[in-house]
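Visitor: following is a predicted model, sequence given first.
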Amino acid sequence: MHSADEEQPSLIKASRLRVGEVACGVVFLALASAVAISIGPADLPFGGVLRAIVARIPGTGVRSGLNPIDNGILWDIRAPRIVLGGIVGATLAISGASYQGVFQNALADPYLLGVASGAGLGATIAIAVAHVGLGATIGLLPPAAFLGAVCAVSATYTLAKSGRHRNTQSLLLAGVAIGSFLTAIQTFVQQRAEPTLQQVYAWILGGLATASWGEVVLVIPYVTVAGAILLSCRRILDVLAVGDDEAQSLGVNPARVRMLVVAAATLGTAAVVSVSGLIGFVGIIVPHTIRLVVGPSYRRILPLSLLFGAGFLIFADLVARTVLSPAEVPLGVITAGLGAPFFLVVLRNAHSL
Amino acid sequence: MELSVSYGERLVVSAVSLRVMPGEWLGLIGPNGAGKSSLLRAVAGLVAHRGTVRVGLSEDQPTRRRLSQLVAFLPQRPELPPTMTVGDYILLGRSPYIPLFGNERGPDHRAADAVVTRLGLAPFADRRLGELSGGEAQRVVLARALTQGAPVLLLDEPSAALDLGEGQRVLELVDELRRERGLTVISAMHDLGIIGQFADRLAVLVAGNLTQVGLAKEVLTTAAIERHFGASVQLADDGYGGIVVVPVRRRPTSMSPLGPRRDRNEEPIY
C-alpha cells in the first residue's frame, strides 16, 4: 500500500501566487509597453516597431521596418524611457509594499523614513550649488540624490536608536523629524539660489524626460539587489502580521527583519529617485489596490506589485507626455492626480482597510 | 527556571525559582498585577530578565529560533489579522523551522494538517480570522501553538475572554492534548474556580514573589485564598483529586440563611 502522505493534498492551502495573477500582470505590462512605445509626438507604426525589435535579436535575419529617424526615436528615446519607467514603477511599488509589510500599515510609502527629503536635498545642492544641469544625467545629480537619500535614512535609524523606546513608533517619529529638518534646509537652499529654482522644482516633481540607456544601466545593479532581497522576504512579512511579540515567539527577530527590509527598499528607492525625481503615490496606490484584490498575503502582493507597478508608471508616463503634447506634465503631478481620487475611494470604503 | 523580571526600574518578579516536571501542568495563580504574565513572557524570551530559564537538558541560552521550537506561547490577547485565513495563520506556527528566506515544505504542511485534523478545524481552513467566534478563534490560536511542535506550552489567561462553556472546553482540550503528546503546560490564570481541576501543581505569585508551590489541595485553602486574594470561598472536591473553588459572598451578620424570616419577628409573607 503506497504512502498516503505524498498523494494527499494538504488540508491547508497556503497563500501562494497564482499563475493567473502573474499572467494578468504580464499582460498589463506588455500592453502598457506596447501602447507607450507606439504613441508619442511621432507616432510609430506598431508593426514596424515589432519588426525593429526582432531585428535586434541576432540571427533572425529580419530587418527593421522603420526608417532611420524612427529607429533612432525608438531605440534612443522611447525604449529607454519605457524600460526606465518600468523599473522605476516596479521598484517604487515593491518598496512601498515592503514598507507596508514591515510597519503593518497599509498607508506606508517608501518615502516614509526620509528618503524623499534626503534625495531632494542632495539634488537641490547638486543643482543649486554645484550648478549641475538637468541634462547632465550621468553627472553629479544621481549620485547626489542617492547619497542624500541613504544618509537621511541612516540618520533616521541613528536618531531612533538613541531614544529610550526602541520600537516602530520611534522609528517613524524619527523619520518625520529628519524629513522635516532636511526639507527645511532644502527650502532654504532653494530660496537662496533663485536662478536654479525652476530646475530644482522640475526635478522634485519627477519625470522621465531625460531617460537614457545610461540611466538604466546606472540603476540596474541597485534595483536588482533590492528586488531580490525584498522578494525573498515575502514570507517573513506575513509573519509580522501578528505583531512583534508573537513574531518573536515564533522565532523571528522583527527588528532585524525590519532593518533588512528598510535597507533593501531604501537602496532601490534611492536609486530610482536619483534618476527620476520624487514620483509619489505609486508606492501606495499600486500595493494597496493589489491588496484589496488578492488579500493580505505579501507572498502575492510583492511580486504583483512589481508587475503592476511597472505597467502603471509606463501608462502614467504616457499620459504625462501626451496630454499636453508636445509639452510634458511632470510625472509626479499625474500620479498625484490619480492619487487624490484613490484616497477618496479608500476613505469611503474605510472598513476594508 | 530561576529568574527575576524588571520593567525599567520596577521589579516585577523577584527571584522566582521553579522546577517544572515534564508532562506536568503547573498553574500560576495570584491576584492581578502579581507578575504572572511577566513571568510567562520571560520564560518565552519576550521580556528581558535576569537569571536563567532552562528547558529540559538543553544548553543555557538557546537562540530565539531554538527557544521557539521548545516553547510555544499563547498570549492573553492574540493578534488575529482579520483578513488572514485560518490556514495561513496555523502555518505560521512552523516559522521556527523555516529558514529566513525559505518557504514551507512537505513536513511543515503535514505537521499543520495533523493539528488541523486533531482539532477539527478542517472546515475552517479557508475562513478569515475576523469571521470566527471567540471559542473558534482560541482553538485556532491553540492550533498554531501546537503546530510549533514545542514540548512546553505557555498559556496566558486562556479562558479569560471566553464564556463559561467555551473556557471549559478549551481547558479540557489542552488537558487531552497534554496527555496525548506529553506536553508540559504552564498557565497563568486569575480565575481560581477552575484551575484546581486541571493543574497538577499550583504556584502562587503575590506581588512578584513566589509564596507557595504545591498540589492543588495544599495550596487552595480558604485561609490562603482569603489572605492572598481577599476573597471568601468554599471548596469542593471534584472526585478526581481536583479542587473546585466556589466564590461565596460574605453576608452581614444580621442576615440569616434563606428560609422564613425569623430575626425580625415579622409575619411570613406567605
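Guide: Perfect, thanks for sending it.
Visitor: buried residues of the helix or strand harbouring residue A:346, list them for me.
Guide: Assigned by DSSP states H and E, residue A:346 belongs to helix A:331-348. Buried positions in helix A:331-348, judged by neighbour count with 16 or more other CB atoms under 10 Å in any protein chain shown: A:331-335, A:337-339, A:342, A:346. Glycine gets a C-beta too; all of them are placed from N, C-alpha and C.
Visitor: output the below-cut-off pLDDT ranges for chain B.
Guide: Applying pLDDT under 70 to chain B picks out residues B:1-15, B:56-60, B:259-270.
Visitor: check whether stretch B:135-155 contacts chain A.
Guide: Yes - using CB under 8 Å from any CB of the partner chain, a contact is recorded between stretch B:135-155 and chain A, made by residue B:148.
Visitor: next structured bit after the helix or strand encompassing residue A:144?
Guide: Secondary structure assignment for residue A:144, by DSSP H and E: helix A:141-161. Per DSSP H and E, the first helix or strand lying C-terminal to helix A:141-161 is helix A:168-192.
Visitor: now the next helix or strand after that following helix against helix A:331-348, angle please.
Guide: Next in sequence after helix A:168-192, counting helices and strands by DSSP H and E, comes helix A:197-205. Here helix A:197-205 runs at an angle of 50 degrees relative to helix A:331-348 (axes from the mean of the first three to the mean of the last three CA atoms, to 10 degrees).
Visitor: buried sites along helix A:197-205?
Guide: Judged by neighbour count (16+ other CB under 10 Å), helix A:197-205 contains these buried residues: A:199-200, A:202-205.
Visitor: helices and strands around that helix, which ones?
Guide: Helix A:197-205 sits against helix A:115-124, helix A:168-192, helix A:331-348, with contacts defined as 3 or more CB pairs under 8 Å, 6 or more residues apart in numbering or on different chains; DSSP states H and E.
Visitor: what is the mean pLDDT for the last one?
Guide: Put plainly, it is helix A:331-348. Mean per-residue pLDDT for helix A:331-348: 84.
Visitor: so what touches that helix?
Guide: A:204-208, A:276-282, A:284-285, A:288-289, A:313, A:316-317, A:319-320, A:353 (CB atoms under 8 Å, 6 or more residues apart in numbering or on different chains).
Visitor: do the same with the first one
Guide: Judged by CB under 8 Å, 6+ apart, the contacts made with helix A:115-124 from elsewhere in the structure are A:141, A:144-153, A:155, A:178-183, A:185-186, A:189-190, A:200, A:203-204, A:266, A:269-270, A:273-274, A:277-278, A:280.
Visitor: can you rerun that using 6 Å?
Guide: Applying CB atoms under 6 Å, 6 or more residues apart in numbering or on different chains, the contact partners of helix A:115-124 are A:144-145, A:147-149, A:151-152, A:179, A:182-183, A:185-186, A:189-190, A:200, A:203-204, A:266, A:269, A:273, A:278.
Visitor: re the thing from before, and the helices and strands packed on helix A:197-205: which comes nearest residue B:199?
Guide: helix A:168-192 (37.0 Å; CB to CB).
Visitor: same for the closest one, what does it pack against?
Guide: Other elements packing on helix A:168-192 under the criterion 3 or more CB pairs under 6 Å, 6 or more residues apart in numbering or on different chains; DSSP states H and E are helix A:115-124, helix A:141-161.
Visitor: buried stuff in stretch B:66-80?
Guide: Across stretch B:66-80, burial judged by 16+ other CB under 10 Å covers B:66-75, B:78-80.
Visitor: in TSV, list those residues along with distance to chain A and secondary structure.
Guide: What follows is the buried residues of stretch B:66-80, written out as TSV (distance: CB to the nearest CB, whole Å; DSSP: H, G, I helix; E, B strand; the rest coil):
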residue	distance to chain A	secondary structure
B:66	8	helix
B:67	8	helix
B:68	4	helix
B:69	7	helix
B:70	10	helix
B:71	8	strand
B:72	7	strand
B:73	4	strand
B:74	9	strand
B:75	6	coil
B:78	7	coil
B:79	4	coil
B:80	8	coil
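Visitor: mind giving me the ChimeraX command for buried ones among the contacts of helix A:115-124?
Guide: Selection of buried members from the contacts of helix A:115-124 for ChimeraX, criterion 16+ other CB under 10 Å:
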select /A:144,145,147,148,149,151,152,179,182,183,186,189,190,200,203,204,266,269,273,278
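Visitor: tell me the gap between the helix holding residue A:144 and the middle of its chain.
Guide: Relative to the mean C-alpha coordinate of its chain, helix A:141-161 is positioned 17 Å out (CA atoms, centre = their mean, to the nearest Å).
Visitor: ok so, going back, wait, which of the helices and strands packed on helix A:197-205 is closest to residue B:160?
Guide: helix A:168-192 (27.1 Å).
Visitor: and the closest one, average pLDDT?
Guide: Computed over helix A:168-192, the mean pLDDT rounds to 89.
Visitor: show residues contacting it.
Guide: A:103, A:112-114, A:117-118, A:120-121, A:124, A:128, A:152, A:155-156, A:159-160, A:163, A:197, A:200.
Visitor: quick check: buried residues in it?
Guide: By 16+ other CB under 10 Å, the buried positions in helix A:168-192 come out as A:168, A:170-172, A:174-175, A:178-179, A:181-183, A:186, A:189-190.
Visitor: cool, and stretch A:32-48?
Guide: For stretch A:32-48, burial by neighbour count (16+ other CB under 10 Å) applies to A:32-33, A:36-40, A:44, A:48.
Visitor: what's the closest of those to residue B:250?
Guide: Using CB to CB, the buried residues of stretch A:32-48 come closest to residue B:250 at residue A:32, 76.8 Å.
Visitor: contacting residues around the helix or strand containing that closest one?
Guide: Element membership for residue A:32 (DSSP H and E) is helix A:19-38. Residues from elsewhere that reach helix A:19-38 (CB under 6 Å, 6+ apart): A:44, A:46, A:49, A:78, A:82, A:304, A:307-308, A:310-311, A:314-315, A:318.
Visitor: ok, residue A:149 - contacts?
Guide: Residue A:149 neighbours (CB under 6 Å, 6+ apart): A:115, A:118-119, A:270.
Visitor: now those as CSV including neighbour count, pLDDT and distance to residue A:22?
Guide: Putting these into CSV (neighbours: other CB atoms under 10 Å in any protein chain shown; pLDDT from 0 to 100; distance: CB to CB, whole Å) gives the following:
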residue, neighbour count, pLDDT, distance to residue A:22
A:115, 30, 89, 28
A:118, 31, 91, 34
A:119, 32, 89, 31
A:270, 29, 91, 28
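Visitor: as a markdown table, those residues with distance to residue A:88 would be great.
Guide: Shown next, in a markdown table, are the contacts of residue A:149 (distance: CB to CB, whole Å):
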| residue | distance to residue A:88 |
| --- | --- |
| A:115 | 14 |
| A:118 | 17 |
| A:119 | 13 |
| A:270 | 12 |
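Visitor: report the two of those residues separated the most.
Guide: Counting by CB to CB, the most remote pair of the contacts of residue A:149 is A:118 and A:270, 7.9 Å apart.
Visitor: where along the stretch 51-200 of chain B do the helices fall?
Guide: Using DSSP state H, counting those that start in this stretch, the helices of the stretch 51-200 of chain B run over residues B:64-70, B:86-91, B:106-118, B:134-147, B:164-181, B:192-198.
Visitor: helices or strands up against the shortest one?
Guide: Packing contacts for helix B:86-91, counted by 3+ CB pairs under 6 Å, 6+ apart, involve helix B:134-147.
Visitor: next, the angle helix B:164-181 makes with the helix it packs on.
Guide: 20 degrees.
Visitor: what residues sit buried inside helix B:134-147?
Guide: Within helix B:134-147, the residues scored as buried using 16+ other CB under 10 Å are B:135-147.
Visitor: which strands and helices lie in contact with that helix?
Guide: strand B:71-74, helix B:86-91, helix B:106-118.
Visitor: contacts for stretch B:187-207, please.
Guide: Stretch B:187-207 is contacted by residues B:24-30, B:34-37, B:40, B:155-157, B:171, B:175, B:211-213, B:215-216, B:219-220, B:228, B:238, B:242-243, B:245 when judged by CB under 6 Å, 6+ apart.
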